[in-house]
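S.K.: no FASTA, just this:
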């Protein structure tokens, strides 16, 4: 995506890439396909408007976090497919490590509980299970990174001197970085038996990382990197403590800026980085992570064939007046915030002969709103701040039925910004701050404007009855996998 100074889209190109499911609970991507797709969309977006390198101030990178890549620094080839954030193959490792030191054994350093979600255990799995990987890593031949690091290394030349670095937001999601020092934690690396020389250099979210090399935008500087949810926080200009955004994408992620203070969570949230701009102090956040949101619509499309395109979900859901008593808890990869139960699995509850595909479609949409309310309540308890409104972004905010139901079940105003692509915009903002294209965050604040606001219309008794039944359905997912 190409943006101008007002944060408006100049040009855009996008392509899907393959989702690989080798076994139940395993989710992979082909890193080489992602790299090819990246080059293709860069060329398409640039060519569509006749742009040249001189037209760009900088590049920003944003990425799905936690997804883990290990590649050979001499050949550029991955030693294994990228293991995606949703993948649950390290569940046994989580159980073993938790038994040895408790589920929170790394939480004080990293802000994160032991779970299948984060990158560190995925990296350990590759080292332990891919033939020759550990020996090659210890010899200094293998590099680890989340997708941002893999992209940065390739974009800046790859085997011809590519830069091996990441930013604090992505590093904070590996469960290997110490939130206080912003350095790799030697104790955790030792506990997981991970060679430090594999790891990228940790930098701020907004600084000059390197220049594009051997691409159509030769010489343009990469000046910003942010994990996708942190990028959306920046794109929504949530620069003050207490400001919150919720991104409705593959998963659903609620982030609250907590300023320069690291707030420990006692209600199932994560303490994480918000961003770090250049030499300024790091800014922290509380995060509620929901594994499955838009991915549930894709599942209805790809696995059941009830819809043939994602935009058909809303009209199908509108064929019924309510969910008909049907609840869908999409614990495909276990439950994330606020439960953190790796042994949970998805359920559809409340089925009767009355239920039809319209009720199922509605239950799919309502699942995202119910999960969001659970996370909002946890965040209010952790922060001591009562939210009065929710800023939303991501692909699902185009769904007006979902946005109204979200306002109804939260009993709060839900606001959609005029610019919905806040994740890409946040990466552009981080880059533009470092390159001098933007004068500072005050200029970015002036760019933000609301598109539409939904206000709650639901009767209080109905709201609480629906939510109570949802909570009941959630308990039916617990301990489904016996280990």
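M.R.: Good, I have the coordinates. This one's a predicted model, so the numbers in the text were calculated from it and none came from an experiment.
S.K.: okay, buried residues for the longest helix along the chain please.
M.R.: Criterion DSSP state H: the longest helix present in the chain is helix 357-383. Within helix 357-383, the residues that qualify as buried are 358-379, 382-383, counting by 16 or more other C-beta atoms under 10 Å. Bear in mind the C-beta positions are built from the backbone N, C-alpha and C, glycine included.
S.K.: report all helices and strands that that helix contacts.
M.R.: Packed against helix 357-383 by the contact rule (3 or more C-beta pairs under 8 Å, 6 or more residues apart in numbering; DSSP states H and E) you find strand 244-248, strand 252-259, strand 283-290, helix 294-299, helix 313-317, strand 327-329, helix 400-410, helix 460-475.
S.K.: ok and that helix relative to strand 252-259, angle-wise?
M.R.: If you take axes from the mean of the first three to the mean of the last three C-alpha atoms, to 10 degrees, helix 357-383 sits at 20 degrees to strand 252-259.
S.K.: give me the average confidence score over helix 357-383.
M.R.: Summarised as a single mean, pLDDT over helix 357-383 is 95.
S.K.: what is the subsequent helix or strand relative to that helix?
M.R.: strand 389-393 (DSSP states H and E).
S.K.: mind listing the strands that next one pairs with, and their directions?
M.R.: strand 244-248 (parallel), strand 413-417 (parallel) (DSSP bridges).
S.K.: would you mind giving these as JSON lines with mean pLDDT, mean neighbour count and distance to residue 70 added?
M.R.: Below are those laid out as JSON lines (pLDDT from 0 to 100; neighbours: other C-beta atoms under 10 Å; distance: least, C-beta to C-beta, whole Å):
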{"stretch": "strand 244-248", "mean pLDDT": "92", "mean neighbour count": "26", "distance to residue 70": "27"}
{"stretch": "strand 413-417", "mean pLDDT": "94", "mean neighbour count": "20", "distance to residue 70": "37"}
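S.K.: and those: which comes nearest residue 334?
M.R.: For residue 334, the closest of the strands paired with strand 389-393 is strand 244-248, at 20.0 Å, according to C-beta to C-beta.
S.K.: what lies in contact with that closest one?
M.R.: 228-229, 232-233, 236, 238, 252-257, 293-294, 368, 372, 379, 387, 390-397, 402, 422-423 (C-beta atoms under 8 Å, 6 or more residues apart in numbering).
S.K.: what's the angle from it to strand 283-290?
M.R.: Interaxial angle of strand 244-248 relative to strand 283-290 (the same axes, to 10 degrees): 40 degrees.
S.K.: any idea of the angle strand 244-248 forms with helix 400-410?
M.R.: 140 degrees.
S.K.: chain center to strand 244-248: distance?
M.R.: 11 Å (C-alpha atoms, centre = their mean, to the nearest Å).
S.K.: quick one: residue 417 from residue 273, how far?
M.R.: According to C-beta to C-beta, to the nearest Å, residue 417 and residue 273 sit 23 Å apart.
S.K.: any chance of the backbone angles for the nearest residue to residue 422 once chain neighbours are set aside?
M.R.: Take residue 422 and drop its neighbours on the chain: the residue closest to it by C-beta to C-beta, 6 or more residues apart in numbering is residue 235, 3.1 Å away. Backbone torsions of residue 235, given as degrees, to the nearest 10, read phi -60, psi -30.
S.K.: isn't residue 235 right up against residue 430?
M.R.: No - here residue 235 lies out of contact with residue 430, judged by C-beta atoms under 8 Å, at a distance of 9.4 Å.
S.K.: on that earlier part again, now the strands paired with strand 389-393 as JSON lines including distance to residue 327?
M.R.: Output for those, formatted as JSON lines (distance: least, C-beta to C-beta, whole Å):
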{"stretch": "strand 244-248", "distance to residue 327": "19"}
{"stretch": "strand 413-417", "distance to residue 327": "21"}
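S.K.: any idea which of those strands gets closest to residue 203?
M.R.: Here strand 244-248 is closest among the strands paired with strand 389-393 (C-beta to C-beta), at 23.6 Å.
S.K.: where does the prediction get shaky in this structure?
M.R.: 483 (pLDDT under 70).
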